[in-house]
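Chemist: Any chance you could fold what I've pasted below:
(chains A and B)
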Amino acid sequence: MAPDDPASIDHARKRAMARFEEGEIPEALAELTRLIDAPAADRGARSRQALYYLRLDRATVLRRANRWDEAMADLDEAERLIDGLAPLFQDMCRGSVAHARALILGDPANPGADPTRCLGELARIRRSGFAVLECAADDLESRLAHRAGDWTTAAALARRAAASLDDQGWPAAAATCRRREAEALLGRGDVDGAEAALDAARRHFDRFGTPLDLAHAELVRARILSARHAHDEAWHCTLDALARFDHLIHRFSVLSEQQAFLRDKLERYAEAFAVALAAGGDTGCLRAWSVAERSKSFYLCQLLASGSVALFEGVDPARLRAFEEAGDTLDRLDAQLGRLSRDDREGEPGQQLIARLHDASREKARALESLMRADPRWARVNVPGELDVGRELARMPGGWSLMSYYWEGTGGGAESGGGREPGRLHVFWTDGSSRPCHTVTEWAPQDLELLRASRTRLTGRVPRGATLVPEALGALILPPEVCGSIPEGSRLLVSPHGLLQMLPIHAVVIDSQDFAAGRWAIQYLPTLALLPLARQSNAPDPVLLIGCEQDGFGDRPLPDVPGELRALEEVWSEPPARPVTRHLVPRDGTPDAAGAEVGRWGGFGVLHVACHGDLPADRPFDASLRLGSSSVRSSDFFGIRLDGAIVTLSACSLGRHAEGARDRAVMADEWIGLCLPLLYAGARCVVASTWEAFSEPAARFMRALHAALKRGDDPADAVRWAQDRTASEIPFPAAWANWYPVGVPAGPPGRR
Amino acid sequence: MDDLKGLLAPLMQSGKIPPAFLRKIEDAQRDPARLSAILTELTALLGPAAEAPLNIEDYYREEDGRKFELRWPLAPANPLAARGIPFDALDRKTQFFTLFAEWSGREAEGLMAMNDGDVAGAQAVFLECVERADQIDVAELRARSYENLARVAERRSDQKAVLSWLDKAKAARAAA
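Modeler: Predicted structure coming up:
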């Protein structure tokens, strides 16, 4: 059979869709694109029909990858092809396109979601009168009702769709509807009905269900058990379901794939959280806390679980070269952009360069993805073990308290995705006796608005006199029972969530008097799930101080950098001195030329970098430190090992992380920026700024910080001390509260 | 053509074959000219989706002339059964044509069972179709049987099985 034979094309399409259903999204997308792009002559006589199905299927795959606009474009193209199809199929095909459009328009994670248009497409489907499309419309309306909490409608429509789908020989689709019926009945409080519906669904899933089906069904079972107060059994099912979800995440080797997948999974974690919390008491608290932490930073956890895998070692040199060349192109374009005059930058030449920059960035991302996919090291990264917060509390070094946040609902309160407003913030913490505690603060819409406004204000150049965290939010973020039970002087490890990420909780004012930083030494961590994954470190003695006063990217000069590096050299050279290497990279130089190539940074226990940083909001994977004419990019850190080093970045805004990238607006709860690769590389603590640092106060802060580190202070204590020193000399909090320490506390040797 | 389109509309809407359409086909089976006309109309309605009808002659091989065994009872609608002609009395080539047509009939029954919601029943029929295709050693029928099994797996969302059946179909055609 020739490759352009209709049956071959159909096989290839179905194979691609089967792989898609198994979670191989990029592979499916590549294959469908190959088939669509094949020269028309290769598709034979049935080209229009084949193309119609290919476009329809690719739209499905794109939708699941959150590539909404491209999915809609494929549907438009599919619709154009319908006129050339056999008359008998045209109405059915139009109905199928309307259904696919309705799914996109009705998805709250889609920034372009349009409920009115979604309903219009639904009406088109129903008007077509096809039985199978009628089921699809029932199914979609059931989902919409489910999201709106209209349990009765959701259950009734799901039941009707399931019965009709069974009647027409679509058992898998029917089982999915029955599972949703079970969930809706649970929402309505009809536990027996829910159990019957779930049993019916499981009769199919147990034999033919995908891992995702089974995980989801197991979680519904957990919810049923929880509703019957069989909390231990429910917890057992929940752990089983979460383990299945974790193993599914394991299949994805590229971050963007995980994010699209996780968007859905966060809802499941929210359900698991409710099941866990329902147990009540310390048990419920610890279980819910564990679920909350498991729902954050999947990717970083997965990477750290595979910390022993040298990801760039042994990869195909050609792929690695392509990746490095893409990085060089980015550097060149960045530098060209920097050299443009302001007028040119805002005019045609600048726009052209920016467009080329985006192309180059995409090329680099493609090169990295190809590298990740081709290299089995990335694909076989280990699945993180199950997190038990109770066990981690027992293992915490003395003097530390823990505090975690979790926004109830979908999407963790992230800026996009989820679709529901976060209104309840769960706060977990340990008191002076290391006992787990839990409280909930209720956020009114105006509180959330205030929080969002603060987050927006605390980016870029923050005015000297700016209010950092409004006092009105203080008691919502640090409720009195929290403040009253964590002993003053403790070190506090904070795991923020959603809207609280990057917020300087250390700058929250308590009781209209103190900043939180005045009471505790605060350090942050993307998730407590990183605690059991932290590698035992043995940071070497040498100290690397590297900086750049004037880079080759056209950034403004940083005249304080040479002095800052000299001052820190003095600090570290005082007896008992530690070996110090200081490099000032000239405008046309590079770290390599200065003898400080990134590959050698692993030989230092303290790394201080003072230069301009760049974290393009729409290209967070291109975050970089600008040293001379070259950039040290976040991806460079995947190739090195930092053995417990403390990293201080005296560069603008590099403590931030992105909440989206290109067309993938939903990034779940991942810290995409420089922290992620540095922590992966093995940094014990990263101290970076979350907004543009003030130059002179930054130099003071760094001197104080390094002096404290030199005398052996824990990084959290050192940051607190440096903040305190800076605050005493410069009386505006924007000058010191930008410094944000992130890392895993070091325990006594052998503990971690 | 409008008459046929009218008869097929309920099929398109509900996925179930309307009795009137079935009667029309059954009647036409005794009248090759009418059957041919219906097939032509159907082809026009289905456009490029219509499978080109298989020419049985193309698949017949005389081999050593050995006759076939009747392993499954003939369908009641089969003219041999209706006329009481024993299968063994036929020559090898006529036996082959009969078994080929029987495969087509069973495939249609399997597809109808699937659309009527009897997915397990359809699977059993398509597995039988594989055996029937093996018996007369027609790779194309074997491949089509596997493709139908892939359709069953697709409806069950059993993706591993989908891939496996599609691979078998591909291999069957490649071996032809």
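
Chemist: Restrict the longest helix anywhere in chain B to CA atoms and write it as CSV.
Modeler: Ranked by residue count and defined by DSSP state H, the top helix of chain B is helix B:92-115. Provided in CSV are the C-alpha atoms of helix B:92-115 (Å, rounded to 0.1, in the frame of the first residue of the first chain):
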residue,chain,number,x,y,z
ARG,B,92,-13.5,-24.1,-5.6
LYS,B,93,-13.9,-20.8,-7.4
THR,B,94,-17.7,-20.5,-6.6
GLN,B,95,-17.0,-21.6,-3.0
PHE,B,96,-14.5,-18.8,-2.8
PHE,B,97,-17.0,-16.3,-4.2
THR,B,98,-19.6,-17.5,-1.7
LEU,B,99,-17.2,-17.3,1.3
PHE,B,100,-16.1,-13.8,0.2
ALA,B,101,-19.7,-12.7,0.0
GLU,B,102,-20.4,-14.3,3.4
TRP,B,103,-17.5,-12.3,4.9
SER,B,104,-19.0,-9.1,3.5
GLY,B,105,-22.4,-10.0,5.1
ARG,B,106,-20.8,-10.7,8.4
GLU,B,107,-18.9,-7.4,8.3
ALA,B,108,-22.1,-5.5,7.7
GLU,B,109,-23.7,-7.4,10.7
GLY,B,110,-20.7,-6.4,12.8
LEU,B,111,-21.0,-2.8,11.9
MET,B,112,-24.7,-2.8,12.6
ALA,B,113,-24.2,-4.4,16.0
MET,B,114,-21.6,-1.8,16.8
ASN,B,115,-24.0,1.0,15.9
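
Chemist: so how far is that helix from its chain's centroid?
Modeler: Distance of helix B:92-115 from the chain centroid (C-alpha atoms, centre = their mean, to the nearest Å) equals 4 Å.

Chemist: now swap in stretch A:354-371 and tell me
Modeler: On C-alpha atoms, centre = their mean, the centre of stretch A:354-371 falls 20 Å from the chain's centre.

Chemist: residues of it that come out buried?
Modeler: The neighbour-count check on stretch A:354-371 (16 or more other C-beta atoms under 10 Å in any protein chain shown) flags A:356-358, A:360-361, A:363-365, A:367-371 as buried. All C-beta spots, glycine's among them, are computed from the backbone N, C-alpha and C.

Chemist: cool, stretch A:601-618 as well?
Modeler: A:601-616.

Chemist: which one of those sits closest to A:Tyr52?
Modeler: A:Tyr52 has its nearest neighbour among the buried residues of stretch A:601-618 in A:Pro616, at 38.5 Å by C-beta to C-beta.

Chemist: my guess is the closest one is in a strand, correct?
Modeler: No - using DSSP: H, G, I helix; E, B strand; the rest coil, the assignment for A:Pro616 is coil, not a strand.

Chemist: so what's it scoring on pLDDT?
Modeler: The per-residue pLDDT reported for A:Pro616 equals 78.

Chemist: rewinding a little: of the buried residues of stretch A:601-618, which ones also sit close to chain B?
Modeler: Among those, not one lies near chain B by C-beta under 8 Å from any C-beta of the partner chain.

Chemist: before we move on, back to that, what is the nearest of the buried residues of stretch A:354-371 to A:Tyr52?
Modeler: Ranked by distance to A:Tyr52 (C-beta to C-beta), those are led by A:Glu369 at 28.8 Å.

Chemist: how far away is the residue nearest to A:Ala735 when sequence neighbours are not counted from chain B?
Modeler: The spatially closest residue to A:Ala735, leaving aside those adjacent along the chain, is A:Pro697, at 3.9 Å (C-beta to C-beta, 6 or more residues apart in numbering or on different chains). Distance of A:Pro697 to chain B, computed by C-beta to the nearest C-beta, to the nearest Å: 58 Å.

Chemist: could you say which helix or strand contains A:Pro697?
Modeler: Here A:Pro697 sits within helix A:695-710, counting by DSSP states H and E.

Chemist: could you dump that helix to PDB, C-alpha only?
Modeler: The C-alpha coordinates for helix A:695-710 follow below in PDB (Å, rounded to 0.1, in the frame of the first residue of the first chain):
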ATOM      1  CA  SER A 695      21.700  50.400  43.000                       C
ATOM      2  CA  GLU A 696      23.300  51.900  46.100                       C
ATOM      3  CA  PRO A 697      21.000  50.100  48.600                       C
ATOM      4  CA  ALA A 698      21.600  46.900  46.700                       C
ATOM      5  CA  ALA A 699      25.400  47.300  47.300                       C
ATOM      6  CA  ARG A 700      24.800  47.900  51.000                       C
ATOM      7  CA  PHE A 701      22.500  44.900  51.200                       C
ATOM      8  CA  MET A 702      24.900  42.600  49.500                       C
ATOM      9  CA  ARG A 703      27.800  43.700  51.700                       C
ATOM     10  CA  ALA A 704      25.800  43.000  54.800                       C
ATOM     11  CA  LEU A 705      24.400  39.700  53.400                       C
ATOM     12  CA  HIS A 706      27.900  38.400  52.500                       C
ATOM     13  CA  ALA A 707      29.300  39.500  55.800                       C
ATOM     14  CA  ALA A 708      26.600  37.500  57.600                       C
ATOM     15  CA  LEU A 709      27.200  34.500  55.300                       C
ATOM     16  CA  LYS A 710      30.900  34.800  55.900                       C
END
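
Chemist: Quick check: buried residues in that helix?
Modeler: A:697-710.

Chemist: Stretch A:112-121 now?
Modeler: A:118, A:121.

Chemist: do stretch B:110-121 as well
Modeler: By neighbour count on 16+ other C-beta under 10 Å, the buried set for stretch B:110-121 is B:110-117, B:119, B:121.

Chemist: Save those as TSV, and put in pLDDT and distance to chain A too.
Modeler: Shown next, in TSV, are the buried residues of stretch B:110-121 (pLDDT from 0 to 100; distance: C-beta to the nearest C-beta, whole Å):
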residue	pLDDT	distance to chain A
B:Gly110	93	11
B:Leu111	90	10
B:Met112	88	10
B:Ala113	92	8
B:Met114	91	5
B:Asn115	85	6
B:Asp116	87	7
B:Gly117	89	5
B:Val119	94	5
B:Gly121	96	10
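
Chemist: Export those residues as a markdown table, with columns for distance to A:Ala645.
Modeler: Compiled in a markdown table, the buried residues of stretch B:110-121 are given as follows (distance: C-beta to C-beta, whole Å):
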| residue | distance to A:Ala645 |
| --- | --- |
| B:Gly110 | 66 |
| B:Leu111 | 66 |
| B:Met112 | 69 |
| B:Ala113 | 67 |
| B:Met114 | 62 |
| B:Asn115 | 65 |
| B:Asp116 | 67 |
| B:Gly117 | 63 |
| B:Val119 | 59 |
| B:Gly121 | 66 |
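
Chemist: In contact with A:Pro504: list those residues for me.
Modeler: For A:Pro504, the contact set (C-beta atoms under 8 Å, 6 or more residues apart in numbering or on different chains) comprises A:458, A:468-469, A:690, A:737-738, A:740.

Chemist: Apart from its chain neighbours, what residue comes closest to A:Glu27?
Modeler: Leaving aside its chain neighbours, A:Glu27 sits nearest to A:Arg19 (5.3 Å; criterion: C-beta to C-beta, 6+ apart).

Chemist: Please give the element, helix or strand, for that neighbour.
Modeler: Assigned by DSSP H and E, A:Arg19 belongs to helix A:6-21.

Chemist: Restricting the selection to alpha carbons, write that helix to CSV.
Modeler: The C-alpha atoms that make up helix A:6-21 are tabulated as CSV, following Å, rounded to 0.1, in the frame of the first residue of the first chain:
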residue,chain,number,x,y,z
PRO,A,6,-6.4,6.8,1.7
ALA,A,7,-6.2,3.9,4.1
SER,A,8,-2.6,4.7,4.9
ILE,A,9,-3.5,8.3,5.7
ASP,A,10,-6.4,7.2,7.7
HIS,A,11,-4.2,4.8,9.6
ALA,A,12,-1.6,7.4,10.3
ARG,A,13,-4.2,9.9,11.5
LYS,A,14,-5.8,7.3,13.8
ARG,A,15,-2.4,6.2,15.1
ALA,A,16,-1.6,9.9,15.8
MET,A,17,-4.9,10.3,17.7
ALA,A,18,-4.3,7.1,19.6
ARG,A,19,-1.0,8.4,20.7
PHE,A,20,-2.6,11.7,21.7
GLU,A,21,-5.1,9.8,23.8
